[in-house]
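K.L.:
I'll drop the sequence and a predicted model, then ask my questions.
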Amino acid sequence: MTSREKRVVISSDDKDNGSISNSNFKVTLKERYATQSVDRISIAEIIVPNCFYNISDGDSKKGNGPANNQLIFGSLATGNLIINLTAGQYNILQLINFLQSNMNTALSPYGVTVVITRDEITNLLLFTFSAETWTFFMASSMAKVIGFINDVGPYPLAILLPYPPDLSGINSVYIHSEALSDGSGIDANKGIINLVDAVSLHNVPYGTFAYKQTTDDAFALINYTMPRNLNVIDIRLRDREGNLLDIGTKRLTLVIKMYYSV
């Protein structure tokens, strides 16, 4: 038998009717002969948009990963207070302004105010209250975003968070496919997963596209234990925790090499 190869473009533009979204879809290839007995594939290119908010409310329909928009804080006088920021793409000044506004709204019935400032050298956030002794709780989904990982406090009047804010959002995305992967990935928490490849969003501004090209076929190779039919290919886009991501109307594209025998 002779081994041959074909390059195949898999795009959300060509998704089958009934597909869930542009990042959770199936494509039925019109070419059937070369897809009947595929021994292995390699990933040549991936293009995926960075359209994921860095502050998410966890709404699966928006596809921005787990919620990180809630702050839980309190004092003996107020009890625990909870504020939730609207999901969106925030810079540090916007985060400070909206967080301060929401906190002051929650504090207003108690006659207390808070001012949030950022140290220009350390980048740490300082919360200065007009009264009471305060604690920030690690149960806050926003904890890592604003700079803490354990309960902070109780401290009188002012809380200086120990770490700089992190507004990087989703740092990388992962292509999964039952048809293509053959369980070729391992996740520390989940075990065997249908991972095809990962794409870094490092230095990919919000609203633009990440592009990954693999020049070493061996590095991007997925071997199958038995030849398989790849006439129908499923694609899903996930975050690091395995949550499905939604790219809305934007396009997701893969270019793969199929190796088949004739």
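P.N.:
Nice, thanks for sending it over.
K.L.:
which parts of the helix or strand hosting Arg40 are buried?
P.N.:
Applying DSSP states H and E as the criterion places Arg40 in strand 38-49. Going by neighbour count (16 or more other Cβ atoms under 10 Å), the buried part of strand 38-49 is 38-44, 46-49. All C-beta atoms are positioned from the backbone trio N, CA, C, and that covers glycine.
K.L.:
now for the helix or strand just after that strand, which elements pack on it?
P.N.:
Moving toward the C-terminus from strand 38-49, the next helix or strand (DSSP H and E) is strand 70-75. Applying 3 or more Cβ pairs under 8 Å, 6 or more residues apart in numbering; DSSP states H and E, we find strand 70-75 packed against strand 79-84, helix 92-107, strand 125-136.
K.L.:
what does strand 70-75 rub up against?
P.N.:
80-85, 99, 103, 132-137, 139-142, 146, 154 (Cβ atoms under 8 Å, 6 or more residues apart in numbering).
K.L.:
repeat for stretch 195-209
P.N.:
Outside stretch 195-209, the residues touching it (Cβ under 8 Å, 6+ apart) are 43, 46-52, 54, 89, 169-177, 180-181, 184-185, 187, 210, 212, 214, 220, 222, 254.
K.L.:
now do stretch 8-16
P.N.:
Contacts of stretch 8-16 (Cβ under 8 Å, 6+ apart): 22-23, 25-29, 232-233, 235, 247, 251-258.
K.L.:
tell me the mean pLDDT for it?
P.N.:
Taken as a whole, stretch 8-16 carries a mean pLDDT of 96.
K.L.:
same check, this time on stretch 93-103
P.N.:
In this model, stretch 93-103 has a mean pLDDT of 98.
K.L.:
residues contacting the closest residue in space to Leu81 that isn't next to it in sequence?
P.N.:
Of all residues not flanking Leu81 in the chain, Ala106 sits nearest, at 4.7 Å (Cβ to Cβ, 6 or more residues apart in numbering). Taking Cβ under 8 Å, 6+ apart, we find Ala106 in contact with 81-83.
K.L.:
can you list those residues in TSV and add pLDDT and distance to Ile159?
P.N.:
What follows is those, written out as TSV (pLDDT from 0 to 100; distance: Cβ to Cβ, whole Å):
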residue	pLDDT	distance to Ile159
Leu81	98	14
Ile82	98	17
Ile83	97	15
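K.L.:
picking up where we left off before, can you redo the helices and strands packed on strand 70-75 as JSON lines with distance to Ala198?
P.N.:
Below are the helices and strands packed on strand 70-75 laid out as JSON lines (distance: least, Cβ to Cβ, whole Å):
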{"stretch": "strand 79-84", "distance to Ala198": "31"}
{"stretch": "helix 92-107", "distance to Ala198": "27"}
{"stretch": "strand 125-136", "distance to Ala198": "31"}
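K.L.:
biggest separation within the buried residues of strand 38-49, which pair?
P.N.:
Pairwise distances across the buried residues of strand 38-49 (Cβ to Cβ) peak at 31.9 Å, for the pair Asp39 and Pro49.
K.L.:
Paired strands for the helix or strand of the chain at the bottom of the mean pLDDT ranking, with orientation please.
P.N.:
None of the helices or strands of the chain scores lower by mean pLDDT, DSSP states H and E than strand 185-187, at a mean of 76. Its sheet considered, strand 185-187 pairs with strand 191-193 (antiparallel) by DSSP bridges.
K.L.:
For the partner strand, buried residues please.
P.N.:
Neighbour-count burial for strand 191-193 flags Ile193 (criterion: 16+ other Cβ under 10 Å).
K.L.:
Determine the next helix or strand in the C-terminal direction from that strand.
P.N.:
Taking DSSP H and E, what comes next after strand 191-193 is strand 195-200.
K.L.:
buried sites along that following strand?
P.N.:
195-197, 199.
K.L.:
Which residue, neighbours along the chain excluded, lies closest to Ile186?
P.N.:
That would be Ile192: by Cβ to Cβ, 6+ apart, it lies 6.1 Å from Ile186.
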